[in-house]
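S.K.: Sharing a model that was predicted from the sequence below.
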Amino acid sequence: MNSDLIRQASAEEIESWIIARIAEIVNVAPAAVSPDAPFDSFGIDSAKAISLMVELENWLNLPDELPLELLFEAEAIRDAATGIAAAVSDMAAQQGGVRP
């Protein structure tokens with residue numbers, strides 16, 4: 001387990017992070033990525049999607065992996081970000097601390 005504290009990012013911060021990474025992956029401006037669009041609408045293959053989740057976990061300094069379903073099964077990016085923020089909050093509570 002990582003001894004550093006988890007970054008407790010808001011759903012909005014996570015949403016912005018995901019949008020920026022999707023834009024980078026599909027080579028469009030972040031403004032072209034709607035938070036109301038489902039993740040799978042961007043044509044990102046599973047290897048890139050898993051890589052995106054690993055990057056997100058590293059950015060948040062998580063001790064455990066997030067369930068991929070949080071990203072893949074959400075109705076929209078905004079919903080995924082909300083679910084991820086809740087999962088991160090639960091992990092931080094279990095770890096006993098957060099980092100802003």
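M.R.: Now that the structure is in, tell me what you want to look at.

S.K.: Only C-alpha atoms from now on, for both contacts and neighbour counts.
M.R.: Fine.

S.K.: The residue nearest to Glu75 when sequence neighbours are not counted and Met91: what is the separation?
M.R.: Excluding its sequence neighbours, the residue lying closest to Glu75 (Cα to Cα, 6 or more residues apart in numbering) is Pro38, at 5.5 Å. Using Cα to Cα, to the nearest Å, we find Pro38 at a distance of 25 Å from Met91.

S.K.: What of Ala9?
M.R.: 12 Å.

S.K.: Please apply the same query to Leu52.
M.R.: Taking Cα to Cα, one finds Leu52 at 19 Å from Met91.

S.K.: Please apply the same query to Ala20.
M.R.: 24 Å.

S.K.: which of those two has more neighbours?
M.R.: When Ala20 and Met91 are compared for neighbours, Met91 comes out ahead with 19 against 16, by other Cα atoms under 10 Å.

S.K.: give the contact list for the more buried one.
M.R.: Ile6, Leu62 (Cα atoms under 8 Å, 6 or more residues apart in numbering).

S.K.: so it sits in a helix?
M.R.: Yes. Under DSSP: H, G, I helix; E, B strand; the rest coil, Met91 sits within a helix.

S.K.: What distance do you get for it to Asn61?
M.R.: Met91 is 11 Å from Asn61, by Cα to Cα.

S.K.: Report the set of residues contacting both of the two.
M.R.: Joint contacts of Met91 and Asn61 (Cα under 8 Å, 6+ apart) are Ile6.

S.K.: Residue ranges in the protein under the pLDDT threshold?
M.R.: Judged by pLDDT under 70, the chain has its weakly predicted residues at 1-3, 96-100.

S.K.: where along it do the strands fall?
M.R.: 6-7, 98-99 (DSSP state E).

S.K.: What about Ser46, how many residues nearby?
M.R.: 11.

S.K.: which residues touch Ile14?
M.R.: Taking Cα under 8 Å, 6+ apart, we find Ile14 in contact with Ala81, Ile84, Ala85.
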